[in-house]
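Enquirer: Quick one: sequence plus predicted model below, questions after.
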Amino acid sequence: MLDGGVGVRKIISKIDPNSEQFARNFEHNVNDVLTLRERQQWAIDGGRGRERSIERHLSRGKVMVRDRIDMVIDEGTAFMELSPLAAWGQYDDEVPGAGIVTGIGVVHGVPWMFIANDATVKGGSLVPMAIKQHVRAQDIALENDLGVIYLVDSGGAFLPLQDEIFPDKDHFGGSFYRQARLSAAGLPQLSVVLGGCTAGGAYVPALSDEVIMVEGIGRIFLGGPPIVKAALGEIIEPDDLGGAQLHTYTSGVSDYIAQSEAEAYGKLREICETTSQRRIDERQSWFDFDHDVEPPAYDIGELYGVVSADDRIPFEAIEIIARIVDGSRFHEFKPDWGESIVTGFARIHGHLVGIIANNGIIFSEAALKATHFIELCEQRRIPLVFLQNTSGYMVGRDSEAGGIAKNGAKMVAAVANATVPKYTVLVGGSYGAGNYGMCGRGFQPRFLFAWPNSRIATMSAETAQTVLVDIRLGGMKGQETTDEEIEALRAEVREQYETHSNPYYATSRLWDDGLIEPEQTRDVLGLCLALAARQDEPAPGGGLVYRM
């Protein structure tokens, strides 16, 4: 099926790139992308008072966190950073990127998950969002069979927020649990110690399979000099308490000592070469898409003109698909029924996928079509790609009488039970239970990315201001209410929902794995699919496909 695109219908676009509407959409969406780029750059080099921290970091002979990653990965390859805007708008904007960098890079042709502390942000101390990002990276590593490289330069937990970091299952202890489980699963855990590893932070290298410490800057201790002095009255220098020489020559906590960061990364690459991890297929090499794959027939940059500038105006999912799949070739499943969801088979950078995309509200027929299609993909072991743009499942008497609750539940259950790799991109609205049925975060897609025009909430701000104001007014019966008070209430609700549904609010809290530019969608999905292609193919599903 779909081999080389032979016999598969090429999508015929109905978009006019010369229209006024296209131009308005294009300008609006390009401005969204420019804002995204500015904010990503701020996360890299911004932050209040960060200049002094960076200067101090460099004066110690240390390398900036993203430069460290570049020194490890294969020359000429790129790094797919995850959640660069974590903690955006939180912690008084003093913790850009949550003080941690996570993402996937290739070493000797093998993809690895990187978890690297940014010591220029609060000394690398871990705020709650940093812990969440650390744990999320480990979960991705486990699901995609990736070893993990830890570039450790951290002051440990940010103690003023210890109640949000320490005790719960997905807090700091959860990262230790995952690290031990990853190692037991045969996924190498490698640490390079480039700064402080204090208290709980000491367990990151201690739980690693192999550890490199850099002389003069790397230190590991359960209790630093101030704690030792307070507890024992002992006064001791940091290097004498937990420096590279002590832990390499005496304690054995470290396996190798390096005199510089460059030497440490050379040694790390040597270790990576001995781990026998599965490489990316040579034909699907990481970030090298020059292999023999037919590009889309339409310019992917036209996505900016396809997506409506006004999120109340719908756009056709098929036009998105036409600009991200190989050759714009798409074998649509049940094209003439349940048209508020588009389903079908295509290839993305050579990888066969099943695509489920919204044309707005999800009606009963569309929910049943999607359920049927999910079961086909499960039976045939074809990964699923969800393109979300929905206000949710249809409401009203006719819909209720038609069984929308049960039919929507069938779709939700099919998504929950599908064992094939699942990937989600929010290309527009993601509201209500439509978020669940279209494989939102709660349904554990392997990766979930969002466009900067996306919105996510229980309902839109327009709907919320009507529903919630009516509910509040209903509870105030008998009380005199002026038009001005009602309008103020509407404005309050509208502002709250607009703030909370904003994509930057969402990505700050890791409700996605990062905001991406629409033009990047095809390549980002290709990278994610390449990771899955390394893994052993599960047995074909043998369950009955229910014709609902």
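Expert: Looks like it arrived, so ask away.
Enquirer: what's the lengthiest helix in the chain packed up against?
Expert: Looking across the chain with DSSP state H, the single longest helix is helix 20-45. If contacts are counted by 3 or more CB pairs under 8 Å, 6 or more residues apart in numbering; DSSP states H and E, helix 20-45 sits against helix 303-306. Quick note: C-beta positions are derived from backbone N, CA and C, even for glycine.
Enquirer: ok now the next helix or strand along the chain from the helix it packs on, how far from the chain's centre?
Expert: Counting by DSSP states H and E, the element after helix 303-306 in chain order, helix or strand, is helix 317-322. Relative to the centre of its chain, helix 317-322 is centred 22 Å away, using CA atoms, centre = their mean, to the nearest Å.
Enquirer: looking only at pLDDT, what's the mean for stretch 8-28?
Expert: Here stretch 8-28 scores 95 as its mean pLDDT.
Enquirer: ok so, going back, buried set for the longest helix of the chain?
Expert: For helix 20-45, a neighbour-count test (16 or more other CB atoms under 10 Å) marks 22, 25-26, 28-29, 32-33, 36, 39-40, 42-44 as buried.
Enquirer: How much space separates residue 440 from residue 514?
Expert: Using CB to CB, to the nearest Å, we find residue 440 at a distance of 15 Å from residue 514.
Enquirer: cool, residue 16 as well?
Expert: Distance from residue 16 to residue 514, by CB to CB: 32 Å.
Enquirer: higher neighbour count, these two?
Expert: residue 514 (22 against 10; other CB atoms under 10 Å).
Enquirer: Would you mind confirming that that one makes contact with residue 82?
Expert: Yes: counting by CB atoms under 8 Å, residue 514 touches residue 82, with 5.4 Å between them.
Enquirer: Which residue, other than its chain neighbours, is closest to residue 525?
Expert: Leaving aside its sequence neighbours, residue 525 sits nearest to residue 348 (CB to CB, 6 or more residues apart in numbering; 5.2 Å).
Enquirer: What is the neighbour count of residue 93?
Expert: 13.
Enquirer: Now do the same contact list for the residue nearest to it when sequence neighbours are not counted.
Expert: Spatial nearest neighbour of residue 93, excluding adjacent residues (CB to CB, 6+ apart): residue 48 at 6.2 Å. For residue 48, the contacting residues are 92, 93, 94, by CB atoms under 8 Å, 6 or more residues apart in numbering.
Enquirer: which residues sit against stretch 127-137?
Expert: 82-83, 86-87, 90-91, 95, 98-100, 102-103, 113-115, 126, 148, 158, 161, 164-165, 170-172, 174-175, 178, 508-510, 513.
Enquirer: my bad, should have said stretch 60-75
Expert: Under CB under 8 Å, 6+ apart, the answer for stretch 60-75 is 44, 54, 57-58, 79, 81, 101, 103, 105-109, 114, 116-120, 149, 151, 153, 194-195, 216-217, 260-262, 265, 268-269.
Enquirer: Those residues in strands, which ones?
Expert: Mapping the contacts of stretch 60-75 onto strands (DSSP state E) picks out 81, 101, 103, 105-107, 114, 116-117, 149, 151, 153, 194-195.
Enquirer: Turn those into TSV, columns for pLDDT and neighbour count.
Expert: Listed next are the ones in strands among the contacts of stretch 60-75 as TSV, based on pLDDT from 0 to 100; neighbours: other CB atoms under 10 Å:
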residue	pLDDT	neighbour count
81	98	20
101	98	27
103	98	23
105	97	22
106	95	22
107	96	23
114	98	27
116	97	24
117	95	29
149	98	25
151	97	27
153	93	27
194	96	28
195	93	22
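Enquirer: Chain neighbours aside, what residue packs nearest to residue 277?
Expert: Per CB to CB, 6+ apart, closest to residue 277 is residue 110, 4.5 Å.
Enquirer: Can you give me every residue that contacts that neighbour?
Expert: Contact analysis of residue 110 by CB under 8 Å, 6+ apart lists 147, 272, 275, 277, 278, 279, 280.
Enquirer: Buried members of the residues you listed into PyMOL, please.
Expert: Typed into PyMOL, the line below selects the buried ones among these, using 16+ other CB under 10 Å:
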select buried, resi 147+272+275+277+280
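Enquirer: Report how many residues lie close to residue 373.
Expert: Neighbour number of residue 373 under other CB under 10 Å is 26.
Enquirer: tell me the phi and psi of it?
Expert: For residue 373, the backbone dihedrals are phi -70, psi -40 (criterion: degrees, to the nearest 10).
Enquirer: sorry, back to before: which of the contacts of stretch 127-137 are buried, as a PyMOL select command?
Expert: Buried subset of the contacts of stretch 127-137, written as a PyMOL selection, criterion 16+ other CB under 10 Å:
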select buried, resi 82+83+86+87+90+91+95+98+99+100+102+103+113+114+115+126+148+158+161+164+165+171+172+174+175+178+508+509+510+513
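Enquirer: Mind checking which of the contacts of stretch 127-137 land in strands?
Expert: Among the contacts of stretch 127-137, the members found in strands (DSSP E) are 82, 100, 102, 103, 113, 114, 115, 148.
Enquirer: Turn the ones in strands among the contacts of stretch 60-75 into JSON lines, columns for distance to residue 522.
Expert: What follows is those, written out as JSON lines (distance: CB to CB, whole Å):
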{"residue": "81", "distance to residue 522": "18"}
{"residue": "101", "distance to residue 522": "24"}
{"residue": "103", "distance to residue 522": "19"}
{"residue": "105", "distance to residue 522": "20"}
{"residue": "106", "distance to residue 522": "19"}
{"residue": "107", "distance to residue 522": "25"}
{"residue": "114", "distance to residue 522": "23"}
{"residue": "116", "distance to residue 522": "27"}
{"residue": "117", "distance to residue 522": "32"}
{"residue": "149", "distance to residue 522": "27"}
{"residue": "151", "distance to residue 522": "30"}
{"residue": "153", "distance to residue 522": "35"}
{"residue": "194", "distance to residue 522": "35"}
{"residue": "195", "distance to residue 522": "38"}
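Enquirer: Nearest to residue 313 among these?
Expert: residue 81 (32.5 Å; CB to CB).
Enquirer: Please name the nearest non-neighbouring residue to that closest one.
Expert: The shortest distance from residue 81 to any non-neighbouring residue, by CB to CB, 6+ apart, is to residue 103 (3.9 Å).
Enquirer: ok, the one you found to residue 56 distance?
Expert: To residue 56, residue 103 is 25 Å away according to CB to CB.
Enquirer: Check the contacts of residue 110 and tell me the two furthest apart.
Expert: Farthest-apart pair in these is 275 and 280; separation 14.8 Å (CB to CB).
Enquirer: now the protein, which segments are flagged as low pLDDT?
Expert: 1-7, 47, 159, 281-291, 475-478, 538-548 (pLDDT under 70).
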